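S.K.: structure for the following, please:
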Amino acid sequence: MKSENAIVEKSKAFALRMIKLYKFLTDEKHEYIMSKQLLRSGTSIGANVKEAIRGQSRADFYAKLNIALKEASESEYWLELLHESGFIEITAFESIYADCQEIIKLLVAITKTQK
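M.R.: Just a heads-up that it's a prediction; the model follows:
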């Protein structure tokens, strides 16, 4: 499916952005707690998407994509906190947040078709 390829690519690109953001937040802003949470949830999205593709059954595929969706929602929350607490400037936040929301929309669309 085309949408599955898109979610694989977008979730990996997002994970790479989360790694760069984590480095920035720890090196430049000396923020270690929320950034670590964001790193974990933001990189977990793509890992769960990849696991879903190799799922043993349709139910396994659906379950892994739902985990990816939960991780994306958690990432959205950490991004909001980091922005609202002044660690991420508005321009960077809007770009990363838009990517996160796009991933959420894709995952919602894919999981709806699996039900």
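S.K.: what's the helix-or-strand element of the chain with minimal mean pLDDT packed up against?
M.R.: Lowest on mean pLDDT, DSSP states H and E among the helices and strands of the chain sits helix 2-27, with a mean of 93. Applying 3 or more C-beta pairs under 8 Å, 6 or more residues apart in numbering; DSSP states H and E, one finds that helix 2-27 contacts helix 33-53, helix 58-84, helix 90-114. C-beta coordinates here come from the backbone N, C-alpha and C atoms, glycine included.
S.K.: how about TSV for these, with mean neighbour count added?
M.R.: Below are the helices and strands packed on helix 2-27 laid out as TSV (neighbours: other C-beta atoms under 10 Å):
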stretch	mean neighbour count
helix 33-53	20
helix 58-84	18
helix 90-114	16
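S.K.: nearest to Ala15, of those?
M.R.: helix 33-53 (4.3 Å; C-beta to C-beta).
S.K.: show me the residues around His83 that make contact.
M.R.: His83 is in contact with Ile90, Phe93, Tyr97, counting by C-beta atoms under 8 Å, 6 or more residues apart in numbering.
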